[in-house]
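*Asks:* build me a model from this:
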Amino acid sequence: MSKEFPEVNEIILGTVNTVKVTSVFVKLKDYPLEGVINFSEVAPGRIRNIRDYVRPGQQIAVKVLRIDVNKKHVDLSLRRVSNKEKKLAMESERKEKELVALTSLVIKDPTKIQNFVENIKEFGISDFFEEALKKEDISLKVLKEAGLTEKEALLLLQRMKDKIKIKKVFVKSKINLKCAEFDGIERIKKVLNIDSGEIIYISAPEYVLSIEDSDYKSANKKMDMLIQELEKRAKQNVCEIEIVRGGKK
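*Replies:* This next block holds a predicted model:
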């Protein structure tokens with residue numbers, strides 16, 4: 001366990017231990033602590049039945065409000081956690097469990113698995129999953145720094161490849177391209193001769209440019225660069241070009 005206390009405003013997961021008259025006691029995940037939620041921090045407005053919101057054994061995402069290090073007391077809030085923050089916390093928990101399961105196929109020592117996962121959490125489990133299969137050389141380095149041998153790291157990356165499919169996204173743009181020169185067809189071919197992406201002929205003068213990538217940010221960046229290149233080539237070859245950015249698929 002890398003830290004004894006969470007940070008103020010940190011969103012963390014916990015399990016409801018007990019529900020008393022005015023407070024909810026929560027065992028914090030990853031910390032040797034029990035935090036407290038006052039009823040006023042459970043939900044906005046008047047609470048008629050607290051069990052409509054929390055019950056013993058339930059896993060919840062909470063926000064850290066205050067910490068008394070000397071008393072080892074942590075005040076928490078449930079109502080101040082947005083749906084997006086809750087979703088991110090739960091997703092991180094799911095990925096942590098998935099990482100533990102995959103690692104246990106490669107490493108049999110429970111202590112080594114626990115230490116390894118704690119080290120990866122310092123990097124960020126969600127970030128690691130996001131980058132692991134896209135940048136294998138960097139991921140290999142991270143795994144080795146987290147305590148795996150090179151053989152174990154390579155085996156784990158292979159397990160991740162087998163388990164996790166990289167989602168592909170597409171962005172498209174419509175192209176209208178004309179050339180009135182006597183060798184217009186050849187000039188159009190020169191304009192459309194690109195190394196990345198795919199250009200599909202629809203019917204003169206219409207084409208569709210499609211970019212495939214693992215995320216929309218990267219795909220749109222590539223699309224911007226290609227559009228600039230196509231417009232430059234069209235000007236060089238005395239062609240008329242109009243490009244309309246399309247949606248994502």
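
*Asks:* now for whatever helix or strand residue 100 lives in, which elements pack on it?
*Replies:* Assessed by DSSP states H and E, residue 100 sits inside helix 83-104. In terms of contacts (3 or more Cβ pairs under 8 Å, 6 or more residues apart in numbering; DSSP states H and E), helix 83-104 is packed against strand 11-19, strand 59-68, helix 110-123, helix 125-132, helix 150-163. All C-beta spots, glycine's among them, are computed from the backbone N, C-alpha and C.

*Asks:* what strands line up against the second one, and which way round?
*Replies:* The partner list of strand 59-68 in its sheet, established with DSSP bridges, is strand 11-19 (antiparallel), strand 73-77 (antiparallel).

*Asks:* can you list the buried residues in that strand?
*Replies:* Within strand 59-68, the residues that qualify as buried by neighbour count (16 or more other Cβ atoms under 10 Å) are 60-65, 67.

*Asks:* from those, which is closest to residue 33?
*Replies:* Closest approach between the buried residues of strand 59-68 and residue 33, by Cβ to Cβ: residue 67, at 9.2 Å.

*Asks:* partners of that closest one in the sheet?
*Replies:* Judged by DSSP bridges, the bridge partners of residue 67 are residue 74.

*Asks:* look up how far residue 116 lies from it.
*Replies:* As for residue 67, its distance to residue 116 is 28 Å (criterion: Cβ to Cβ, to the nearest Å).

*Asks:* let me see the domain layout of the protein.
*Replies:* In the assignment given by automatic domain parsing, the structural domains of the chain cover 11-80, 85-163, 169-248.

*Asks:* nearest to residue 4, out of those domains?
*Replies:* Evaluated with Cβ to Cβ, the domains of the chain place domain 11-80 nearest to residue 4, the distance being 6.9 Å.

*Asks:* dump the residue contacts of the residue nearest to residue 119 when sequence neighbours are not counted.
*Replies:* Nearest-residue entry for residue 119: residue 146, 3.8 Å, with adjacent residues in sequence omitted and distances by Cβ to Cβ, 6 or more residues apart in numbering. The neighbourhood of residue 146, defined by Cβ atoms under 8 Å, 6 or more residues apart in numbering, consists of 116, 119-120, 123.

*Asks:* same deal with residue 15?
*Replies:* Contacts of residue 15 were listed using Cβ under 8 Å, 6+ apart, and they are 26-27, 29, 57-60.

*Asks:* let me have those residues in a markdown table, extended by distance to residue 37 and pLDDT.
*Replies:* Output for the contacts of residue 15, formatted as a markdown table (distance: Cβ to Cβ, whole Å; pLDDT from 0 to 100):
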| residue | distance to residue 37 | pLDDT |
| --- | --- | --- |
| 26 | 6 | 97 |
| 27 | 12 | 96 |
| 29 | 15 | 90 |
| 57 | 15 | 95 |
| 58 | 12 | 95 |
| 59 | 14 | 95 |
| 60 | 9 | 96 |
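
*Asks:* looking at these, state which has the most neighbours.
*Replies:* Across the contacts of residue 15, neighbour numbers were computed from other Cβ atoms under 10 Å; residue 26 holds the maximum, 26 neighbours.

*Asks:* name the SS class of it, please.
*Replies:* Assigned state for residue 26: strand (three-state reduction, DSSP: H, G, I helix; E, B strand; the rest coil).

*Asks:* distance of it relative to residue 109?
*Replies:* Distance of residue 26 to residue 109, computed by Cβ to Cβ: 31 Å.

*Asks:* just the CA coordinates for stretch 74-91, please, in PDB.
*Replies:* C-alpha atoms of stretch 74-91 as PDB (Å, rounded to 0.1, in the frame of the first residue of the first chain):
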ATOM      1  CA  VAL A  74     -11.800  10.800   7.200                       C
ATOM      2  CA  ASP A  75     -15.000  12.700   6.400                       C
ATOM      3  CA  LEU A  76     -16.600  11.600   3.100                       C
ATOM      4  CA  SER A  77     -19.400  12.600   0.800                       C
ATOM      5  CA  LEU A  78     -21.600  10.500  -1.500                       C
ATOM      6  CA  ARG A  79     -23.800  13.300  -2.900                       C
ATOM      7  CA  ARG A  80     -20.800  15.300  -4.200                       C
ATOM      8  CA  VAL A  81     -19.700  12.500  -6.500                       C
ATOM      9  CA  SER A  82     -20.900  13.100 -10.100                       C
ATOM     10  CA  ASN A  83     -22.100  10.200 -12.300                       C
ATOM     11  CA  LYS A  84     -19.100  10.700 -14.500                       C
ATOM     12  CA  GLU A  85     -16.700  10.400 -11.500                       C
ATOM     13  CA  LYS A  86     -18.500   7.300 -10.200                       C
ATOM     14  CA  LYS A  87     -18.300   5.700 -13.600                       C
ATOM     15  CA  LEU A  88     -14.600   6.400 -13.900                       C
ATOM     16  CA  ALA A  89     -13.900   5.000 -10.400                       C
ATOM     17  CA  MET A  90     -15.900   1.800 -11.100                       C
ATOM     18  CA  GLU A  91     -14.200   1.400 -14.500                       C
END
